[in-house]
Every structure is written in structure tokens, then in C-alpha cells.
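Enquirer: A structural model of the following input is requested.
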Amino acid sequence: MINSKLTLSFLFVLTWASCNCNCKNQSTTADELKIAAMLDSLNTAAAQADFSRYFSFYADDAVFMGTDATERWNKKSFMEWSKPYFDRGKAWSFTAVKRNILFDESGKMAWFDELLDTQMKICGGSGVVVKKGNDWKIKQYVLSITIPNSVADSIISVKSAEEDSLLKAWGQHSSNQ
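Expert: Below you'll find the predicted structure:
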């Protein structure tokens, strides 16, 4: 009897402690777990080149922004661009290293940011997800390559010519030269 009470008390404390201080209630924690599992499944589907499963995690009106300044795709164009990568048997392999998930007041929309271990080394992923029934769908995903501050100047010099021509083509000028 004492052991079972102690065990129940211990489980209660563990359950309570696992709920971040930001949790409003148990459903928020359940939704955090659902979103994290969905994002992990998204990464697994890409690594396994499961095209249909990968894109099932995106809302129909989703937007994906890639690491190149020209990469802003709606779901259809992202599917078209990425299809050859999936067809070769492995699209890309990302593993979340750190992740934060926050919710709006309604609990029907959340945003996340994550650090990913990728073939491009550490990348950042961030986005917005919406709850559709019991599922969470990606509305926007932004992938970025992290650049350590200690090497930022050398990276800027490498990309300047190409991105200056993009800015010019877009009717902008770089005031930060």
C-alpha cells in the first residue's frame, strides 16, 4: 500500500513536472507532443523519401521558404521542385536537436522554432502550424542555414555578388555596402 501510494505520488510529480510552466492545461501538453511528433515524422518521411507522407503534413495553402533567397513556394510548387529528390530514394535527412513550441490563445495555432542536424550542418527551422480536427498541419515552414558570427563576414563576401544582383532585379539597392 505504501509503495503504491509512493509510486502514484511519484508519477503525479513527474507528470506535473513534465508540463512546462507555460502550460495552461494538459491538452496543451498533448498538443505540444502531437506537434513535435508531426515534425519528427515529417523529417522521417523525407529521409525515407516518402513523398505522399511528407506532404500530408502540410496544409493545402502552405508556404515553404528555403535557404536560397529565391525559394518561396506554395505547396504545389514545392512538391514539383522536390519530387526529383524524393524519386532518387532519399530527399534529405534532418534531425531536430532543439525545439520550442508556442501557442496562440485559442490553442488552434502554434509556432515553432528548431535547430536541425542536417547535411548542411546546423540549420534553423521555424514555422506556423494550425489545428485541423485532431491533426496539426504546417501553414508555413522556413528553413535557414545558421552562420556562426565568427565567420559571417567571409560568408557575406561570398554571397554578395549574387544577392546584390537579386536586389537589383527586385528594384532594391543594398544600402548596407
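
Enquirer: quick one: contacts of whichever strand or helix holds residue 159?
Expert: Counting by DSSP states H and E, the element that carries residue 159 is helix 152-169. Residues from elsewhere that reach helix 152-169, judged by CB atoms under 8 Å, 6 or more residues apart in numbering: 69-70, 147, 173-174. For glycine as for every other residue, the C-beta is placed from the backbone atoms N, C-alpha and C.

Enquirer: which one's the longest helix in this protein?
Expert: Using DSSP state H to define each element, the chain has its longest helix at helix 26-47.

Enquirer: I'd like the average pLDDT over the host helix or strand of residue 124.
Expert: Residue 124 is located in strand 121-132, with elements delineated by DSSP H and E. The pLDDT scores in strand 121-132 average 98.

Enquirer: in whichever helix or strand comes after that strand, what counts as buried?
Expert: Sequence-wise, the next helix or strand downstream of strand 121-132 (DSSP H and E) is strand 135-145. Using 16 or more other CB atoms under 10 Å as the test for burial, strand 135-145 gives 136-143.

Enquirer: dump these to TSV, plus distance to residue 87 and pLDDT.
Expert: What follows is the buried residues of strand 135-145, written out as TSV (distance: CB to CB, whole Å; pLDDT from 0 to 100):
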residue	distance to residue 87	pLDDT
136	27	98
137	24	98
138	22	98
139	26	98
140	25	98
141	21	98
142	25	98
143	20	98
